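Peer 1: the following block contains a protein sequence and its predicted model.
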Amino acid sequence: MAGLSISATAPATALSSYNIKVAKEVVRVNTKVAVVVESLYSAKNCRLRVVGPAKSKTVKKKVRNSAARAKIRVPKVPGQYRVRAACRGSGTALSEPFAVVAATSPERASCDVVEMGFSAVDEDRTEALYGVIVRNASPELVADDVELALTFTNAAGAVIRTESENVRNIAPGSDVFVTGETSTGEVPASMTVQAKCTTETDTTEAVPGVVVGGVTRDLDSGGDFYWQGQFSNSFDQTLDSNSRVVAIFRDANGRIVGGDSTSLDSFITPGATGTWNAWACCYLGFTSLPSVQVMIFPRFE
């Protein structure tokens, strides 16, 4: 009886982003980045190229041990990029995005506390009203999962209250306003703020806040402070009514004395104008009309 000869070949696998590994999430312009395309059981060679705001030269590599390896020089234009891999027999796919930054740009996003302030009210309850401005200094990267830790101390330096704030993200080169109020039990003498964040290279979900002028302010005899305004939607998408409207309050010397937040009164279609109306209650204790900086953080329907 003749011997039976059996041969087996691994099944062809459709190429996907999972198979394309880029060595770094952040790469400086005009430098090389290592790329590996894995699980190439039927392909003999691959053509690799960095694509985005600009394109690199195409690099052709043979498949060895089911993988194609290359070092590709990225373009001289900063931005969000992907590696395009075209491997005969396995198909074509794009890698997950990575960032190409300018030669002088930081390789990580930042969440720097650039200004902060608070005011205390000691009537029926002791409250601290605070405002913080946080900046991402990176012009290309997103500051993600931003966490603020606020600490209030009394005149003796003892901690009387801690508070935390979370911000979804900060778009490249932009600021966010963070405001709130907290019960401190006794009048605080000082406030410190520490911030931490991670770096995200995908910029599609990070929309910078829009500074809005022309805010109407009113302080009535009972100490109620009203701040209202309107916003023209210059985006090509409808603004959700849950878009946050955040205000920083300043005294006559320009010092931050707190802040407030609200939402738009309704949806705003592209090209249309909408409004917001906010009321900060009497216990804030304002005796003179504070100035107001307003920023809208768009959410789209």
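Peer 2: Structure's in. What do you need?

Peer 1: could you use CA atoms for every contact and neighbour count after this?
Peer 2: OK.

Peer 1: could you chop this protein up by domain?
Peer 2: By the assignment in automatic domain parsing, the chain contains the domains 17-101, 106-204, 209-301.

Peer 1: take those and write them to TSV, including mean neighbour count and mean pLDDT.
Peer 2: Shown next, in TSV, are the domains of the chain (neighbours: other CA atoms under 10 Å; pLDDT from 0 to 100):
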stretch	mean neighbour count	mean pLDDT
domain 17-101	19	96
domain 106-204	19	93
domain 209-301	17	87
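
Peer 1: paired strands for the helix or strand where Lys60 lies, with orientation please.
Peer 2: Of the helices and strands defined by DSSP states H and E, Lys60 is found in strand 59-62. Paired neighbours of strand 59-62 in the sheet (DSSP bridges): strand 45-51 (antiparallel).

Peer 1: re the thing from before, pull the residues that contact the strand holding Lys60.
Peer 2: 44-49, 68-70, 72 (CA atoms under 8 Å, 6 or more residues apart in numbering).

Peer 1: reformat those as TSV; add distance to Thr58.
Peer 2: Shown next, in TSV, are the contacts of strand 59-62 (distance: CA to CA, whole Å):
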residue	distance to Thr58
Lys44	17
Asn45	13
Cys46	10
Arg47	6
Leu48	6
Arg49	5
Ala68	14
Arg69	13
Ala70	11
Ile72	8
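
Peer 1: what's the closest of those residues to Lys21?
Peer 2: Arg69 (9.6 Å; CA to CA).

Peer 1: ok, back up a step: figure out how far the strand holding Lys60 is from the centre of its chain.
Peer 2: From the chain centre to the centre of strand 59-62 is a distance of 36 Å (CA atoms, centre = their mean, to the nearest Å).

Peer 1: please enumerate the strands of the stretch 101-250 of the chain.
Peer 2: Secondary structure of the stretch 101-250 of the chain (DSSP state E, counting those that start in this stretch): strands at 112-122, 126-135, 142-153, 159-170, 175-183, 190-200, 210-212, 216-219, 225-232, 244-250.

Peer 1: which one of those strands lies closest to Arg82?
Peer 2: Across the strands of the stretch 101-250 of the chain, closest to Arg82 is strand 190-200 (CA to CA), at 14.4 Å.

Peer 1: quick one: residues in contact with the closest one.
Peer 2: Contacts of strand 190-200 (CA under 8 Å, 6+ apart): 108-113, 117-118, 141-155.

Peer 1: do the same with stretch 32-47
Peer 2: So stretch 32-47 is contacted by 10-13, 19-24, 27, 58-63, 66-74, 85-90 (CA under 8 Å, 6+ apart).

Peer 1: would you put the C-alpha positions of stretch 82-100 in PDB?
Peer 2: Only the C-alpha atoms of stretch 82-100 are listed here, as PDB (Å, rounded to 0.1, in the frame of the first residue of the first chain):
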ATOM      1  CA  ARG A  82      -1.900  55.800   9.400                       C
ATOM      2  CA  VAL A  83       0.200  53.200   7.600                       C
ATOM      3  CA  ARG A  84      -1.400  51.700   4.500                       C
ATOM      4  CA  ALA A  85      -0.400  48.100   3.900                       C
ATOM      5  CA  ALA A  86      -1.200  46.400   0.600                       C
ATOM      6  CA  CYS A  87      -0.100  42.800   0.700                       C
ATOM      7  CA  ARG A  88      -0.800  40.600  -2.300                       C
ATOM      8  CA  GLY A  89      -2.900  37.600  -1.300                       C
ATOM      9  CA  SER A  90      -4.000  39.200   2.000                       C
ATOM     10  CA  GLY A  91      -5.600  42.500   1.000                       C
ATOM     11  CA  THR A  92      -5.200  46.100   2.000                       C
ATOM     12  CA  ALA A  93      -5.700  47.800   5.400                       C
ATOM     13  CA  LEU A  94      -4.900  50.900   7.400                       C
ATOM     14  CA  SER A  95      -3.200  50.900  10.800                       C
ATOM     15  CA  GLU A  96      -4.600  52.600  13.900                       C
ATOM     16  CA  PRO A  97      -3.800  56.400  13.800                       C
ATOM     17  CA  PHE A  98      -0.600  57.800  15.100                       C
ATOM     18  CA  ALA A  99       0.700  61.400  15.300                       C
ATOM     19  CA  VAL A 100       3.400  63.200  13.500                       C
END
